[in-house]
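*Asks:* Sequence plus predicted model, see below.
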Amino acid sequence: MDECPRCGATLESLSLGEVTTVSCERCGYADVPVDHQREREDGETWREALQRFYG
């Protein structure tokens, strides 16, 4: 097993179906692969976010 990049503890391997990832019980690190994409290039102001939230 590898060491945690945050705290240096031993990482634990977890599997669910065909997906496998590692996590650290000491600090909570989880190496979960994700694909992030920004929705808006210019971002969103707090006013816009609150208007969207409150409808």
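*Replies:* Structure's in. What do you need?
*Asks:* if I look at the nearest residue to Ala9 once chain neighbours are set aside, how far off is Tyr54?
*Replies:* Closest residue to Ala9 apart from its sequence neighbours, by C-beta to C-beta, 6 or more residues apart in numbering: Arg26 at 4.2 Å. To be clear about C-beta, it is placed using only N, CA and C from the backbone, and glycine gets the same treatment. Arg26 sits 40 Å away from Tyr54, going by C-beta to C-beta, to the nearest Å.
*Asks:* neighbour count winner among those two?
*Replies:* Arg26 (12 against 6; other C-beta atoms under 10 Å).
*Asks:* neighbouring strands for the one helix or strand Thr20 maps to, and are they parallel or not?
*Replies:* Assigned by DSSP states H and E, Thr20 belongs to strand 19-23. Strand 19-23 has the following sheet partners, assigned by DSSP bridges: strand 12-16 (antiparallel), strand 30-31 (antiparallel).
*Asks:* for it, the distance to its chain's centre please.
*Replies:* Relative to its chain's centre, strand 19-23 lies at 12 Å (C-alpha atoms, centre = their mean, to the nearest Å).
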